[in-house]
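1. test case, fold it:
(one chain, ligands or ions: 2)
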Amino acid sequence: MSYTQELLREKFPSKQDVITEITNLEAILNLPKATEHFVSDLHGEYNAFDHILRNGSGNIKQKIVENLGGRLTPKNIQEFATLIYYPEDKITFQKENTKDQDDLEQWYLNTIARLIELLKITATKYTRSKVRKAMDPNFVYITEELLYNDQQEPDKRNYYNKILRNLVELQQADKFIIATCYTIQRLVVDHLHVIGDIYDRGPLPDKIMETLMAYHSLDIQWGNHDVLWLGAASGSALCLMNLLRICARYNNLSIIEDAYGINLRHLSMFAEKNYHDIPAFRPKTVEDASFILPDEKKQITQIHQAVTVIQFKLEGQLCQRRPELELQKLPLLDKIDWVKKEVTIEGKKYSLINTCFGTVDPKNPYELNAEELEITRSLLYSFMHATKLRKHLDFMMDKGSMYKCYNGNLLFHGCIPVEKDGEFQSFAYQGKKYAGRTLLDFCEKELRTAYAHPEVTDDFATDMTWYLWQGPLSPLFGKHAMTTFARYFVAAPETHTERKNAYFALRKEEWFCRKLMSEFSLDPETGYVINGHTPVKKGQQPILANKKMIVIDGGYSKAYQPTTGIGGYTLLYNSYGLQLVTHHPFTTREDAIKNGRDIISTKRVVNQEIKRQTVADTDIGKQIKENLQLLRELLGEYDK
Ligand SMILES: O=P(O)(O)OC[C@H]1O[C@](O)(COP(=O)(O)O)[C@@H](O)[C@@H]1O
Ligand SMILES: [Mn+2]
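-> Numbers count the residues shown, from 1 in each chain. Ligands and ions are numbered 1, 2, ... in the order given. The predicted structure follows:
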């Protein structure tokens, strides 16, 4: 008997145990495939993301319409849906707005009965034990009684009605409704994929991380913005300065100070001493907001300049110590004619439109002055020791990866760098070349090394975190260069251009997407490539390459909504196939609760399975089949 069988025998000591397990697993294989939910580019927009999680990208409403739609008016459908998304708020609202006690009781009875009906429908896909795990432990007994009782029998109906009445009379109804709503939310989506860029530009990435940490099942494909935060926590001061620059640019320094408790006082004082108010560095999203005080705005503008200059200095140092990364052309502080106020970019001279280089020594433009050095050191120390931040980023490392192969699909944030003809471009390091899948594996290995050793700050792995942010062959970035310097200091638009990797043109071709799936050992006939990263602009298509490629940048980022014209896209993959969901921009939580404002605009079927998919068709199904094989062999042993 093999070692595995020995172990199995310990777990299932009698023949009857084996038979029970085989029956159980066979039954699971025949259940419908559970629903996967894909989101990406959340960019700190917690409220919009929270709403989409609560409504399961429209899945909850669809279930209500399909199953209770014939009995409810559109207004009541929306009210019932809103209750399931925001049970606490909706109950309060209901109580405040129903003066008559009898009406309120009737509302409770109707609501509980409807919830149980909907729960029954959402639970059919799962084993009883999995449904139980999704329930609030305090209400398991009552819920199961209500759920598995046949109301058609008169005796049972009385029993059922009695339980309902009791819940209301014993004032347990609120708690029960809230618990059941969350159970429904949980059952409607079985697994969540976050295809990168949780951090930057929006105000509440920390709350997104808290939500994800409480979520029942998920994976993350890192985005370039996430890697900035992981890089900084790995000891890269350069990543840190860049993420501070983005926080200042979008008026989000409170994430650093309030959410993560990192003190910016020294930086702020230094900035005040050394920088003035320059329009190009004013925070982007607050031009018409009244809540920001002029002084505060000026302070952010000054901090923005201070961290930008430190970033360019550190970037120059990195380029000097890592010529192998071929990033030489980027930092331009040594290409400045300080007298004429000109900079040379690719052989051409341009005048500087903003100057804030008071701390730059023309002879040693990339050297930090003493105070910058001290600020950088102490900020990096605080960042690496901020407890809550570390907890969030540990989780991101744990659940995250550069790419994921899941139920036959290939998920990654940005691109696989290629030449124009579709050949994978290779990244050379220490005499070895990495391209295609091996490049992504290499990047992941380096990032994990860097993160595991935050105290080592000058090694290749730490510098690679910066490369992942803006290196020309970074699968997370996918452009020839990041022209940050020119975007701040030069007017000529040609200096701002960031040329996209050939990948983004080729991903429209079916043959190319098939090649990608083969590279990752997936079946090109049945699989899809799913990307985030590039906002799908007005007039562009999210479904490409004869439906082999789907780009679902969620478009949550408010700053980018004018160019996309919509809120964004998410994707659902259930037993019937794949559906692309388009969202309107999210307004506010209050609007969603009071006015029942949902943000789903359309659902488009990407593919419809000919035969409804079951667990047997999934990755878990494959594992179960392997286990069944072993169990059958064990059964044979018991028969000997
Ligand atoms: O809109 P902003 O804040 O100027 O940012 C622009 C920068 O962001 C990037 O697009 C990278 O961020 P994304 O991953 O969100 O595209 C850079 O290529 C570009 O230089
Ligand atoms: Mn991105």
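
2. so is the longest helix along the chain next to ligand 1?
-> Counting by DSSP state H, the longest helix found in the chain is helix 294-321. No. Counting by C-beta under 6 Å from any ligand atom, ligand 1 has no neighbours in helix 294-321; the shortest distance is 11.5 Å. Just so you know, the C-beta spots here come from the backbone N, C-alpha and C atoms, and that holds for glycine as well.

3. what packs against that helix?
-> Counting contacts by 3 or more C-beta pairs under 8 Å, 6 or more residues apart in numbering; DSSP states H and E, helix 294-321 packs against helix 237-249, helix 265-274, helix 370-385, helix 460-470, helix 484-489.

4. so which of these comes closest to Ile552?
-> Across these, the minimum distance to Ile552, taken as C-beta to C-beta, is reached by helix 460-470, at 21.3 Å.

5. close to ligand 2, is the closest one?
-> No. Figure legend: helix 460-470 not in contact with ligand 2 (C-beta under 5 Å from the ion); closest approach 9.9 Å.

6. okay, that helix in CSV with CA atoms only?
-> The C-alpha coordinates for helix 460-470 follow below in CSV (Å, rounded to 0.1, in the frame of the first residue of the first chain):
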residue,chain,number,x,y,z
PHE,A,460,18.9,43.3,-7.0
ALA,A,461,15.5,41.9,-5.8
THR,A,462,14.6,45.2,-4.1
ASP,A,463,15.6,47.2,-7.2
MET,A,464,13.5,44.8,-9.3
THR,A,465,10.4,46.0,-7.5
TRP,A,466,11.0,49.4,-9.1
TYR,A,467,11.6,47.7,-12.5
LEU,A,468,8.2,46.0,-12.1
TRP,A,469,6.6,49.5,-11.7
GLN,A,470,8.1,51.0,-14.8
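
7. give me the pLDDT value at Pro154.
-> pLDDT for Pro154: 77.

8. so what's the residue count around it?
-> 8 (other C-beta atoms under 10 Å).

9. any idea how far it lies from ligand 1?
-> Distance of Pro154 to ligand 1, computed by C-beta to the nearest ligand atom, to the nearest Å: 62 Å.

10. repeat for Asn55
-> Distance from Asn55 to ligand 1, by C-beta to the nearest ligand atom: 25 Å.

11. what about that residue, neighbour count?
-> Neighbour number of Asn55 under other C-beta under 10 Å is 26.

12. so for it, what's the nearest residue that isn't a sequence neighbour?
-> Tyr85 (5.3 Å; C-beta to C-beta, 6 or more residues apart in numbering).

13. for stretch 129-147, buried residues please.
-> Residues of stretch 129-147 classed as buried by neighbour count (16 or more other C-beta atoms under 10 Å): 131-132, 134-135, 139, 142-143, 146-147.

14. and of these, the nearest to ligand 1?
-> Ala134 (34.6 Å; C-beta to the nearest ligand atom).

15. surely the closest one touches Thr183?
-> Yes. Between Ala134 and Thr183 a contact is recorded at 5.0 Å, counting by C-beta atoms under 8 Å.

16. what residue is smack in the middle of the protein?
-> Note on the chain: the residue nearest the mean C-alpha position is Val194, at 3.4 Å, using C-alpha atoms, centre = their mean.

17. near ligand 1, which residues of this protein are found?
-> 224-225, 249, 479, 482, 484, 498, 533.

18. as TSV, these with distance to Arg612 would be great.
-> Below are the residues of the chain next to ligand 1 laid out as TSV (distance: C-beta to C-beta, whole Å):
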residue	distance to Arg612
Asn224	38
His225	38
Arg249	48
Lys479	42
Met482	46
Thr484	50
Glu498	44
His533	32
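
19. so which residues make contact with the strand or helix carrying Val18?
-> Assigned by DSSP states H and E, Val18 belongs to helix 15-29. Helix 15-29 is contacted by residues 11-12, 127, 614-616, 621, 624-625, 627-628, 631-632, 634-635, 638-639 when judged by C-beta atoms under 8 Å, 6 or more residues apart in numbering.

20. what of stretch 614-625?
-> 25, 28-34, 406-407, 575.

21. same thing but 7 Å
-> With C-beta atoms under 7 Å, 6 or more residues apart in numbering as the test, stretch 614-625 has contacts from 25, 28-33, 406-407, 575.

22. buried residues, that stretch. List them.
-> Neighbour-count burial for stretch 614-625 flags 614-618, 620-621, 624 (criterion: 16+ other C-beta under 10 Å).

23. one step back: bridged to the residue nearest to the centre of the chain, which residues?
-> For Val194, the beta-bridge partners are Val39, Ile220 (DSSP bridges).

24. am I right that it is in contact with Val39?
-> Yes. Under the criterion of C-beta atoms under 7 Å, Val194 makes contact with Val39 at 5.8 Å.

25. out of the contacts of stretch 614-625, which comes closest to Phe427?
-> Tyr406 (25.3 Å).

26. contact partners for the closest one?
-> Applying C-beta under 7 Å, 6+ apart, we find Tyr406 in contact with 193, 619.

27. please repeat the previous calculation with a cut-off of 8 Å.
-> 36, 193, 219, 619.

28. was I right to think Ile310 contacts Glu374?
-> No. The criterion here is C-beta under 8 Å, and Ile310 misses it with Glu374 at 11.4 Å.
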